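> what follows is a predicted structure for the sequence shown.
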Number of protein chains: 2
Amino acid sequence: MLINELSKKTGISTHTIRFYEKSGLIEGKQDESVKSNNYYHYDDVTVEKLEFISDAKSVGFTIKEIGQMIDAWYNRKYTKKQKLEILDDKLSSLEQKMKEIREMKKQILQFKEDVVKDRC
Amino acid sequence: MLINELSKKTGISTHTIRFYEKSGLIEGKQDESVKSNNYYHYDDVTVEKLEFISDAKSVGFTIKEIGQMIDAWYNRKYTKKQKLEILDDKLSSLEQKMKEIREMKKQILQFKEDVVKDRC
DNA sequence: ATCAACTATAGACTATACTCTAATGTTGTT
DNA sequence: AACAACATTAGAGTATAGTCTATAGTTGAT
């Protein structure tokens, strides 16, 4: 599929898709047999990757971190051991985030109590 | 206390503290009786606020959102009802973040399984 | 053949959240 | 008095993550 279809399938603008491509998160390929244009073609794995990127971004991972995870999954550039290390690292960062959120929740509940009891 | 002490107590640089002050998150006050300088003085509530800001930032709240929460707690600019609305809104955004993190965790665990089983 | 809708590339612009520099003045210790 | 260490203000610079504009070429339907 071309970039427009990819954009429609994922809800991510073509601009942003190109930005992700420049950032090394995804990669389209050109059809060598077609000489009249240099359009990039994207496959279903790219759709999968973009969906992952959206999800990973909303939990607060940076482009760089997302790139690492994508490489740990879809690429051959790491050994099995390295891949597992990267993924475990991200898992523990998720645990950390969870812990921080639970504490923030407590803090806000305390604020609420103070508001209700006119302590502020 | 002056800005340097505040910085040391909170681990936040004086530059960043001034940035937060300009952003309306905290507020020092000048001593009218002293005419030779215009130094700002900060109290323990400001220390409390800065600690809250650090925590809130690390769970992904923006300066604007943090400002709302601080106003909902330390300010008189909202009614009790409005304050509770703001705080409830932030609580549900935390629930949302929690949900997203749990899903991301599942996804990464799946990646790990695929790596272990040589499916990628 | 024409025209809307698409594509690529380069580069400018924006928002958020800092982070640093420069200029200038103040305070406290020796 | 001198000097380090502090204070203020204004404004410039940085990183991240987009977002938009301009230019130019391509495709597909009528």
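Great, that's in hand.
> report the contact partners of the closest residue in space to A:T10 that isn't next to it in sequence.
Using C-beta to C-beta, 6 or more residues apart in numbering or on different chains and skipping the chain neighbours, the partner closest in space to A:T10 is A:L50 (4.3 Å). Any C-beta I mention is one placed from the backbone N, CA and C, and that applies to glycine too. Contact criterion C-beta atoms under 8 Å, 6 or more residues apart in numbering or on different chains gives A:L6, A:T10, A:I12, A:I17, A:Y20, A:I26 as the residues in contact with A:L50.
> need the contact list for the closest residue to A:G11 other than its chain neighbours.
With C-beta to C-beta, 6+ apart as the measure, A:S54 is the residue that lies nearest to A:G11, at 7.8 Å, once sequence neighbours are left out. In this structure, A:S54 makes contact with A:T10, A:G11, A:I12, judged by C-beta under 8 Å, 6+ apart.
> residues in contact with the last one?
A:I12 is in contact with A:L6, A:Y20, A:L50, A:I53, A:S54, counting by C-beta under 8 Å, 6+ apart.
> give me the number of residues near the second one?
Using other C-beta atoms under 10 Å in any protein chain shown, A:Y20 is surrounded by 21 other residues.
> and it, what element?
Following DSSP states H and E, the helix or strand that holds A:Y20 is helix A:14-22.
> if we can go back for a sec, how about TSV for the contacts of A:L50, with distance to B:R102 and pLDDT added?
Output for the contacts of A:L50, formatted as TSV (distance: C-beta to C-beta, whole Å; pLDDT from 0 to 100):
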residue	distance to B:R102	pLDDT
A:L6	28	98
A:T10	22	97
A:I12	23	98
A:I17	27	98
A:Y20	25	98
A:I26	25	98
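> also near DNA strand C: which of those, exactly?
Among the contacts of A:L50, none lies close to DNA strand C by the criterion of C-beta under 7 Å from any atom of the strand.
> and the helices in chain A?
Assigned helices in chain A, in chain order: A:3-10, A:14-22, A:44-58, A:63-74, A:80-116 (criterion: DSSP state H).
> got the buried residues for the third one?
Residues A:T46, A:V47, A:K49, A:L50, A:F52, A:I53, A:A56 are the ones in helix A:44-58 that count as buried (16 or more other C-beta atoms under 10 Å in any protein chain shown).
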